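Participant: Okay, structure incoming, though there's no sequence with it:
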């Protein structure tokens, strides 16, 4: 099996080529903790989240930008310095030309740039050490000279990655010892340690300089878009043919990363990533899915908020799932939907168990957290569906592993969840005893996955009895009914079969919208029955235990296919609805007004394909074709990954997070399910 290598065209902005420009295309690598490095292929920073090291630090710090960018120059034979790549920051060395980016590629998902600098060809690689907040950048001289001088200027602005750019940089203290810099920014932050591994390396402090930078995407999204970066001085080294120059930047101690050598660190990184591919389902080991297997790795993390286990024989790893890069933390709903695609089809069942146990340990009042706050490290519980998705995720785990020990350990919690839902729990979540359907809703809260909110405006409140909530509720009841019987668990179990049957009958009576041939989105809502044609209804026939009567499967599937299916997922609202929005763009209010009002969601392709295969099991090849657009998407936005959302009409521009866990997971899972 060859390593996955994908080479991307490096066209300039304004070129008519269909490939993304180097200033539009982005890359991302993770470190297994939720930290990351990310940027554009060109090196121009367009987001506040772009940086060579965004460290994942324990609460209350959270993810923090520690190293923003590196400005690089080459000098040959004592000549003037030539800048290796264009960028937004000028330096004293600028003014004598800029090199040309001739190739960008991902090898095993790791970024590599190749530049031609006045005939000198060099290559730059970057990766993060797994399990550390350590970035490794290396330069290699390939052609055009025997040796050249390499000058580097690191630029920094220590700040939480989501805070305004206009926040003034810290007052930094810098110390130099041989080939080491330590930059301290105070505010209880760890220092940034920089280690240079090269011939004739020298680190020179020149008083420091401040530079204002503009971030184009932040401006377009209506956020603060101008900030100050600070450079303490210059790092110089000799770059010779056959010898690498390596820079390490880290928030770890000198003892933790100081002995790292590039060759060994890169080899270890490559071995680990090859093993990820080898562990995946066989149909995922070939292009383009091998790239997505590697992309999935960025989302499965060991969160720094959880202390290592002590005095325990339980070897289950602590794990959770970052919902999306760059700004999401770990969300319960996204995690449970993503679990199968990120871990089970990729051969990471032990980590799947770690994810399930992490959330099980945080159940409160019959609910798993909606998400964990980055700064406080605590769970927030305003969700009506995440807990029901927990049953679905556990079912997928059990089918894959047969692990009945975990089922027995969780059964008391599962029964308690159902009791809380039957009797009523937080945010108005509870069963209506009159019809057995699950209702939800609290003023000022958005409890379903359609959760956009701007200030006090809940865009799609969906208070009442939502269609997918009741599909998930019925599925959870039937799953628990089977598990309780299998394990002969009889400790005050609610009448699961009776509850499920009542919910099924009521669903058939209440949710069928005969005039449209599909399902109401909400019944008993604030405005009565909601006839909006939305993708939520597809869950009524896609889950393991479909609540929808089989006689209506084909009609619902047909409507969803005609009104909502696109090449990159399902629209969140049919285009004939007066609230439909074709484009997701503009400031926060404009974007959130469109977030679930037409915007396409990639993750929904998974439930759609499940429903398709249930109705048309003999047409598996056609189901694989529904993934073609998302495979083509791997060459745009965040290269090798899948975006969160897309505009609702052609050309279906990618929007939102550039890399989203459930988008990646559902493509992987659906590819496996449609394979031969």
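Facilitator: Nice, thanks for sending it over. Remember, it's a predicted structure, so these values are computed and weren't measured experimentally.
Participant: From here on, just use CA atoms for contacts and neighbour counts.
Facilitator: Will do.
Participant: can you pull the contacts of residue 371?
Facilitator: 329-332, 379-381 (C-alpha atoms under 8 Å, 6 or more residues apart in numbering).
Participant: if you skip the residues just before and after it, what's nearest to it?
Facilitator: Distances taken as C-alpha to C-alpha, 6 or more residues apart in numbering put residue 331 closest to residue 371, at 4.0 Å, once the chain neighbours are dropped.
Participant: OK, contacts around the one you found?
Facilitator: By C-alpha under 8 Å, 6+ apart, residue 331 lies in contact with 321-323, 369-372.
Participant: For those residues, pick the one with the most neighbours.
Facilitator: Each of those was scored by neighbours using other C-alpha atoms under 10 Å; the highest score is residue 321's, at 30 neighbours.
Participant: my read is it is in a helix, agree?
Facilitator: No. Assigned with DSSP: H, G, I helix; E, B strand; the rest coil, residue 321 falls outside any helix and is strand.
Participant: residues near the residue lying closest to it once chain neighbours are set aside, how many?
Facilitator: In space, and not counting its chain neighbours, residue 321 is closest to residue 300: 4.8 Å by C-alpha to C-alpha, 6+ apart. For residue 300, the neighbour count with other C-alpha under 10 Å is 29.
Participant: Let me see the contact set for residue 300.
Facilitator: 32, 319-322, 342.
Participant: repeat for residue 329
Facilitator: 321-323, 371-374.
Participant: Turn those into CSV, columns for pLDDT and distance to residue 653.
Facilitator: Converted to CSV, these look like this (pLDDT from 0 to 100; distance: C-alpha to C-alpha, whole Å):
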residue, pLDDT, distance to residue 653
321, 98, 26
322, 98, 23
323, 98, 20
371, 94, 28
372, 94, 30
373, 91, 30
374, 89, 29
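Participant: Roughly how far does residue 393 sit from residue 273?
Facilitator: 25 Å (C-alpha to C-alpha, to the nearest Å).
Participant: So what sits opposite residue 110 in the bridge?
Facilitator: Applying DSSP bridges to residue 110 yields these beta-bridge partners: residue 107.
Participant: Relative to residue 242, how far out is it?
Facilitator: Distance of residue 110 to residue 242, computed by C-alpha to C-alpha: 21 Å.
Participant: Can you name the next helix or strand after the helix or strand harbouring residue 52?
Facilitator: Using DSSP states H and E, the element containing residue 52 is strand 51-57. Downstream of strand 51-57, the next assigned helix or strand under DSSP H and E is strand 62-67.
Participant: In a helix, residue 236, correct?
Facilitator: No. Residue 236: not assigned to a helix; according to three-state DSSP it is strand.
Participant: Mind listing the residues bridging to it?
Facilitator: residue 151, residue 202.
Participant: show me what contacts it?
Facilitator: The contact partners of residue 236, by C-alpha under 8 Å, 6+ apart, come to 149-152, 200-203.
Participant: could those residues be laid out in a markdown table, adding distance to residue 411, pLDDT and neighbour count?
Facilitator: As requested, the contacts of residue 236 are exported to a markdown table (distance: C-alpha to C-alpha, whole Å; pLDDT from 0 to 100; neighbours: other C-alpha atoms under 10 Å):
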| residue | distance to residue 411 | pLDDT | neighbour count |
| --- | --- | --- | --- |
| 149 | 64 | 96 | 18 |
| 150 | 61 | 96 | 23 |
| 151 | 61 | 95 | 25 |
| 152 | 57 | 96 | 18 |
| 200 | 63 | 88 | 11 |
| 201 | 60 | 91 | 18 |
| 202 | 61 | 92 | 17 |
| 203 | 60 | 92 | 22 |
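Participant: Point out where the protein drops to low pLDDT.
Facilitator: Applying pLDDT under 70 to the chain flags residues 1, 9-22, 258, 306-315, 676.
Participant: Outline the domain layout of it.
Facilitator: Domain ranges of the chain: 5-9+38-273, 280-673, per automatic domain parsing.
Participant: Identify whichever of those lies nearest to residue 28.
Facilitator: Residue 28 lies closest, by C-alpha to C-alpha, to one member of the domains of the chain: domain 5-9+38-273, at 4.4 Å.
Participant: and the closest one, how far from the chain's centre?
Facilitator: The chain centre lies 23 Å from the centre of domain 5-9+38-273; the measure is C-alpha atoms, centre = their mean, to the nearest Å.
Participant: just stretch 510-528 next, same as before
Facilitator: Centroid separation between stretch 510-528 and its chain, computed with C-alpha atoms, centre = their mean, is 33 Å.
Participant: and of the contacts of residue 331, the nearest to residue 423?
Facilitator: Distances from residue 423 to the contacts of residue 331, taken by C-alpha to C-alpha, are shortest for residue 369, at 19.2 Å.
Participant: contacting residues around the closest one?
Facilitator: 331-332, 359, 362-363, 379-383, 386-387.
Participant: Once you drop chain neighbours, what's closest to it?
Facilitator: Closest to residue 369 by C-alpha to C-alpha, 6+ apart is residue 381, at 4.5 Å.
Participant: next one: residue 90
Facilitator: Leaving aside its sequence neighbours, residue 90 sits nearest to residue 211 (C-alpha to C-alpha, 6+ apart; 7.8 Å).
Participant: thinking again about what came up before, export the contacts of residue 236 to a markdown table and append columns for distance to residue 589.
Facilitator: Output for the contacts of residue 236, formatted as a markdown table (distance: C-alpha to C-alpha, whole Å):
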| residue | distance to residue 589 |
| --- | --- |
| 149 | 50 |
| 150 | 46 |
| 151 | 44 |
| 152 | 41 |
| 200 | 54 |
| 201 | 50 |
| 202 | 50 |
| 203 | 47 |
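Participant: for the nearest residue to residue 645 once chain neighbours are set aside, phi and psi?
Facilitator: Residue nearest to residue 645 in three dimensions, not counting chain neighbours: residue 601, with 4.7 Å by C-alpha to C-alpha, 6+ apart. Dihedral pair for residue 601: phi -110, psi 120, per degrees, to the nearest 10.
Participant: Show the contacting residues for residue 601.
Facilitator: Counting by C-alpha under 8 Å, 6+ apart, residue 601 makes contact with 568-572, 644-646, 663.
Participant: Cool, thanks, signing off.
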